[in-house]
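Participant: Provided below are the primary sequence and the corresponding predicted coordinates.
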Amino acid sequence: MPAAETGFDQVLGFTVPGRNARGRVVRLGPVLDRILTAHAYPTPIRHLLAEALVLTVLMGALLKDDDGQLTVQAQTEGGIVDLLVCDYRAGAVRGYVRHDAKRLSALGANPSLYALFGKAYLAITFDLATSGQRYQGIVPLEGASLAAACESYFAQSEQVPTLIRVGVRSSPQGCIAGGLLVQHLPEGEEGRERLHVRMDHPDWEHVAAIAGSLRHDELVDPALSLEALLWRLFHEESEVRIDPGAALERGCRCSIEHYQAVLSRFAAADLDEMRDETGTISVDCAFCSRIFAIPV
């Protein structure tokens, strides 16, 4: 019996061996709605966070360390959006945006990235649980989209040619967001030129031209499976291999036990200052908008 094709909330990995390319494609649906509805975000912030979550999944799915974590954080001083943070670990994804609602309302329906952030930077951090290593790259948050800043990260910090496309669509039924990431695979032996330092390699130029033709409406079309989307793009290639990846879930890790463990690191005097008249400490989880009463 043939396997069902991939729709919402599952990553699909792929490689194009003849072109030395690899990629990830995803379409977020119910998981995205669960994250977005935790807060009453206005439309521009919903779309911003949806894009950020797609990017976080696409990049997080590149991790080979099953317990590793990818964190994307944009922060600025004085911006209408002063904090955006998302992370991905083993298929669990979460995100949050802090913004000035009053200033946002003066911008109109479709503010630019610069209007939302002003001068800002994007930090992308890979934490590898197995080795304990951490890799972080920081790039200016410039251009028309978060996706463009992520492309810059791979070009500058990892020297890997990368193309990313993201689409977001809102309707009364909810929000859909999809994305495609494709890269030129590093090749070559030590002491020889590696493909990832050649942004003008003909194989990469070919793949980038094809992937760049992808339309936003294709990314958010629920009737188009991810396999069918890749077939549209790469059907003329001699071989395309697909690898179904992690099923996704909202990954907020908040719990009374978690916060008790965090608070256990504080001094007794500090805990006394945090307690209310009932002797509990209230902790507000920004990711899921829940308040936990922690007995300490």
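Facilitator: Sure thing, it's come through.
Participant: so how far is the longest helix seen in the chain from its chain's centroid?
Facilitator: Using DSSP state H, we find that the single longest helix of the chain is helix 43-60. Remark: helix 43-60 is offset 6 Å from the chain centroid, using C-alpha atoms, centre = their mean, to the nearest Å.
Participant: do stretch 105-119 as well
Facilitator: The answer for stretch 105-119 is 21 Å, by C-alpha atoms, centre = their mean.
Participant: what's in contact with it?
Facilitator: 42-44, 48, 74, 76, 78-81, 99, 104, 140-146 (C-beta atoms under 8 Å, 6 or more residues apart in numbering). Quick note: C-beta positions are derived from backbone N, CA and C, even for glycine.
Participant: flag every buried residue along that stretch.
Facilitator: By 16 or more other C-beta atoms under 10 Å, the buried positions in stretch 105-119 come out as 111, 113, 115-117.
Participant: that older thread, which residues does the next helix or strand along the chain from the longest helix of the chain contact?
Facilitator: Downstream of helix 43-60, the first helix or strand assigned by DSSP states H and E is strand 69-75. Strand 69-75 is contacted by residues 52, 55-56, 59-60, 62-63, 81-89, 117, 120-127, 129, 141, 146, 150 when judged by C-beta under 8 Å, 6+ apart.
Participant: quick check: the gap between the most centrally placed residue in the chain and residue 87.
Facilitator: Residue closest to the average C-alpha location in the chain (C-alpha atoms, centre = their mean): residue 56, at 1.4 Å. The spacing between residue 56 and residue 87, counted by C-beta to C-beta, to the nearest Å, is 7 Å.
Participant: need the overlap of contacts for those two.
Facilitator: Shared contacts of residue 56 and residue 87 (C-beta under 8 Å, 6+ apart): 70-72, 93, 95.
Participant: of the residues you listed, closest to residue 277?
Facilitator: residue 95 (34.2 Å; C-beta to C-beta).
Participant: ignoring the adjacent residues along the chain, who's closest to that closest one?
Facilitator: residue 86 (3.6 Å; C-beta to C-beta, 6 or more residues apart in numbering).
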